[in-house]
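Undergrad: got a structure for you, letters missing:
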């Protein structure tokens with residue numbers, strides 16, 4: 001920041017510093033909230049091929065498992081559209097960072113619906129169907145009636161054991177889609 005920074009810039013820097021501290025605290029809580037052993041679910045892939053969750057890790061120790069509500073959810077489509085541009089970087093890594101993870105989107109839609117919808121959206125990431133499984137509910141991404149909620153589970157595979165190490169929910173205004181930040185900047189200031 002320049003020596004003679006604008007007073008608003010100085011205030012903004014202080015807010016950023018507080019925000020960074022709060023984000024670190026939130027990340028720690030997301031890890032605590034998410035920590036649990038995970039069943040090696042058998043999910044349905046393209047053409048109905050059954051795939052164990054453990055096999056979907058491929059060569060990776062970690063997995064970004066996106067809980068998508070399916071074709072009927074326009075917000076889930078919005079998030080998935082944005083993930084289409086980053087999933088390869090999640091799997092292959094980013095220069096200067098050691099993290100890599102498998103990237104998988106699961107929804108309650110059947111495999112044929114997933115395949116057709118993914119093709120229409122030009123999605124390149126892998127999708128598996130959690131239809132007829134308890135995955136969403138077991139991982140805390142469903143309401144009392146079994147209706148799915150959107151979010152992400154970070155999974156870790158060590159040997160035959162799968163553990164969730166963190167979880168977070170998706171919702172308008174979250175950090176998982178940049179579009180919300182752009183829209184927030186367009187909002188009119190609220191009068192006092």
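TA: Structure received. Only a predicted model underlies this, so the values are computations on that prediction, with no experimental measurement involved. Numbers count the residues shown, from 1 in each chain.
Undergrad: switch to C-alpha atoms for all contacts and neighbour counts from now on
TA: OK.
Undergrad: all the helices of this protein, in order from the start?
TA: Under the criterion DSSP state H, the chain contains helices at 7-34, 53-56, 74-83, 87-92, 111-121, 135-138, 179-186.
Undergrad: can you tell which of these is closest to residue 98?
TA: helix 87-92 (9.8 Å; C-alpha to C-alpha).
Undergrad: which other helices and strands contact the closest one?
TA: Counting by 3 or more C-alpha pairs under 8 Å, 6 or more residues apart in numbering; DSSP states H and E, the packing neighbours recorded for helix 87-92 are strand 102-107.
Undergrad: the inter-axis angle of the strand it packs on versus helix 74-83?
TA: Orientation of strand 102-107 against helix 74-83 (axes from the mean of the first three to the mean of the last three C-alpha atoms, to 10 degrees) gives an angle of 160 degrees.
Undergrad: from residue 25, how far off is the residue most central in space within the chain?
TA: Nearest residue to the geometric centre of the chain (C-alpha atoms, centre = their mean): residue 152, 3.6 Å. The spacing between residue 152 and residue 25, counted by C-alpha to C-alpha, to the nearest Å, is 18 Å.
Undergrad: next: residue 144.
TA: For residue 144, the distance to residue 25 - C-alpha to C-alpha - is 29 Å.
Undergrad: cool, and residue 82?
TA: For residue 82 relative to residue 25 (C-alpha to C-alpha), the value is 26 Å.
Undergrad: go on, residue 169?
TA: Residue 169 is 16 Å from residue 25, by C-alpha to C-alpha.
Undergrad: contacting residues for the closest residue in space to residue 132 that isn't next to it in sequence?
TA: Once flanking residues are discounted, residue 132 sits nearest to residue 108: 7.9 Å by C-alpha to C-alpha, 6 or more residues apart in numbering. Residues in contact with residue 108 (C-alpha atoms under 8 Å, 6 or more residues apart in numbering) are 68-70, 129-132, 148.
Undergrad: and if we set it to 10 Å?
TA: Residue 108 is in contact with 67-71, 114, 128-133, 135-136, 147-148, counting by C-alpha atoms under 10 Å, 6 or more residues apart in numbering.
Undergrad: now which of those residues would you call buried?
TA: Buried residues within the contacts of residue 108, defined by neighbour count using 16 or more other C-alpha atoms under 10 Å: 67-71, 114, 128-131, 135-136, 148.
Undergrad: and the two most separated of those?
TA: Among the buried ones among the contacts of residue 108, 71 and 135 lie farthest apart (C-alpha to C-alpha), at 17.8 Å.
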